[in-house]
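Q: got a sequence here, can you model it:
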Amino acid sequence: MVCKKGLRVKSELPSPIPGILCIVGSFLMVVASVGSSIYSLYFINNSVQTEATVNEIREKKDDEGNISRYPVYSYFDSSGQQFSDTTSMSDGREYKVGDKIPIRYLLKNPHNSRIDLFSHHWFLSIFFGFGTIVLAAVGSVLYWNYKRKTQKQLTNNLLHGS
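A: Below you'll find the model as predicted:
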């Protein structure tokens, strides 16, 4: 916007871009949540439950010094072949070497396994679902605010002939 003296004046209208980006991000999170849920359902329906033995505990330290512990476990598939795997997520449980834990492995791909607990199957779906709700809410508020201020500016322009 340019004033009478030819100087640029900052527009009072907010940009619609942040609201639109939040809404687009929420759609991407919906896709990720649905995809993760579909894979979890596939995994549960095409896997076999068995018991594994914890062989080792791996520790990872993050940038803030927090330590996460991940169990390395071994199990036997239905043909008797032994496999070893670890989880990619720490669930706060304190496993010890020798512990027996419930796992599921894919029948057609026995080296692909998960610890058979709710959090290991559904964490990503819930995380992306929550992200969807937050981004959609923030995006809707930002976009609503943009529309409201735009409408107010148009009304003022019509009433005052600017």
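Q: quick one: distance of the host helix or strand of Phe127 to the chain centre.
A: If you go by DSSP states H and E, Phe127 is part of helix 118-160. Counting by CA atoms, centre = their mean, to the nearest Å, helix 118-160 is centred 18 Å from the centre of its parent chain.
Q: tell me which other helices or strands it touches.
A: With contacts defined as 3 or more CB pairs under 8 Å, 6 or more residues apart in numbering; DSSP states H and E, the packing partners of helix 118-160 are helix 17-45. Any C-beta I mention is one placed from the backbone N, CA and C, and that applies to glycine too.
Q: packing partners for the helix it packs on?
A: With 3+ CB pairs under 8 Å, 6+ apart as the test, helix 17-45 has strand 100-106, helix 118-160 packed against it.
Q: quick one: least confident helix or strand in this protein?
A: helix 118-160 (a mean of 89; mean pLDDT, DSSP states H and E).
Q: out of the helices and strands packed on helix 17-45, deepest packed?
A: When you average the neighbours per residue for each of the helices and strands packed on helix 17-45 (mean count of other CB atoms under 10 Å), strand 100-106 leads with a mean of 18.
Q: export the helix or strand that comes right after that strand as PDB, just CAs?
A: Per DSSP H and E, strand 100-106 leads on to strand 109-115 as the next helix or strand towards the C-terminus. Only the C-alpha atoms of strand 109-115 are listed here, as PDB (Å, rounded to 0.1, in the frame of the first residue of the first chain):
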ATOM      1  CA  ASN A 109       8.700 -62.000   6.400                       C
ATOM      2  CA  PRO A 110       9.700 -63.400   9.800                       C
ATOM      3  CA  HIS A 111      12.600 -61.000  10.300                       C
ATOM      4  CA  ASN A 112      10.000 -58.100  10.500                       C
ATOM      5  CA  SER A 113       8.800 -58.000  14.100                       C
ATOM      6  CA  ARG A 114       7.200 -55.700  16.600                       C
ATOM      7  CA  ILE A 115       6.800 -55.900  20.400                       C
END
